[in-house]
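S.K.: Got a sequence here, can you model it:
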Amino acid sequence: MEVERSELNGRKIPPEVVTQLPDGKVADETGPVSGPLVSPQDPDGNVRRKADVTQVIIRLMCALTSVTAVSVMASAKEAGTISIYGFSLPVSSNWSFSHSFKYLVVVSAVVTVYSVLQLLITASRLLRKSTFIPCRNHEWLIFAGDQLFAYAMMSAGSAASGSTNLNRTGIKHSPLPNFCKPLHGFCDRVAASIAFTFFTCLLLAASAVLDVILLSKYY
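M.R.: Numbers count the residues shown, from 1 in each chain. Modelled structure (predicted):
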């Protein structure tokens, strides 16, 4: 009978609840939905696209400043003469002689690769005009990466600036003079590389702040 088909042990079987998803897909309400989500506060994705444009600008600037820091430091080398107690001695300097300068080059190179990768991902999503937002784990991973590399750039710039300050002031209580006088070109290049390093750190910090805003808005 019709009544018996709609009842089981005296209890009515509720109809299956379905939810209409984008692209005509249908999902069971009781089951988990995997993949990217659409924010109910931003169904058209306008806010997300503005955030992606900002991220593209930040990532592009970050890639440019970090690769500039690497290239300027890698070209820092010079030879000259220095006078100590009336004796002229030949001196030469190269960025590879300092462990702190090597550390700056390595960290800046890694940040360049990271920035280019994030730039490609964000630009691809922006060009496709996607209204989807990445999953929560992806956003947390990007936030952690931005913070990690920001701290790494800060430590690299601080370590390199300590060596540069020593070269400019000489060693206290010793007859060694200011090495940057005969090697001013080398010191100027190192200083410029350190400046780009700290600027990259600020850009990564700004990206991390934007990550926090997106996490609080969409999750």
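S.K.: pLDDT below threshold where in the protein?
M.R.: Along the chain, segments meeting pLDDT under 70 span 1-45, 47, 79-88, 90, 130-134, 165-179, 218-219.
S.K.: all helices of it, in order?
M.R.: Per DSSP state H, the chain carries helices over the ranges 2-6, 46-74, 99-127, 136-169, 184-218.
S.K.: Turn those into CSV, including mean neighbour count and distance to Ser93.
M.R.: C-betas here are computed from N, CA, C, even on glycine. Listed next are the helices of the chain as CSV, based on neighbours: other CB atoms under 10 Å; distance: least, CB to CB, whole Å:
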stretch, mean neighbour count, distance to Ser93
helix 2-6, 7, 89
helix 46-74, 19, 12
helix 99-127, 18, 10
helix 136-169, 17, 8
helix 184-218, 19, 5
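S.K.: Go through these and name the closest to Ser92.
M.R.: Closest to Ser92 of the helices of the chain, according to CB to CB: helix 184-218, at 9.0 Å.
S.K.: how about the helices of the chain in JSON lines, adding distance to Leu89?
M.R.: Output for the helices of the chain, formatted as JSON lines (distance: least, CB to CB, whole Å):
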{"stretch": "helix 2-6", "distance to Leu89": "101"}
{"stretch": "helix 46-74", "distance to Leu89": "25"}
{"stretch": "helix 99-127", "distance to Leu89": "22"}
{"stretch": "helix 136-169", "distance to Leu89": "16"}
{"stretch": "helix 184-218", "distance to Leu89": "16"}
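S.K.: Can you say which of the ones you listed is nearest to Val91?
M.R.: helix 184-218 (10.0 Å).
S.K.: Give the other helices and strands that the closest one contacts.
M.R.: Packing partners of helix 184-218 (3 or more CB pairs under 8 Å, 6 or more residues apart in numbering; DSSP states H and E): helix 46-74, strand 77-84, helix 99-127, helix 136-169.
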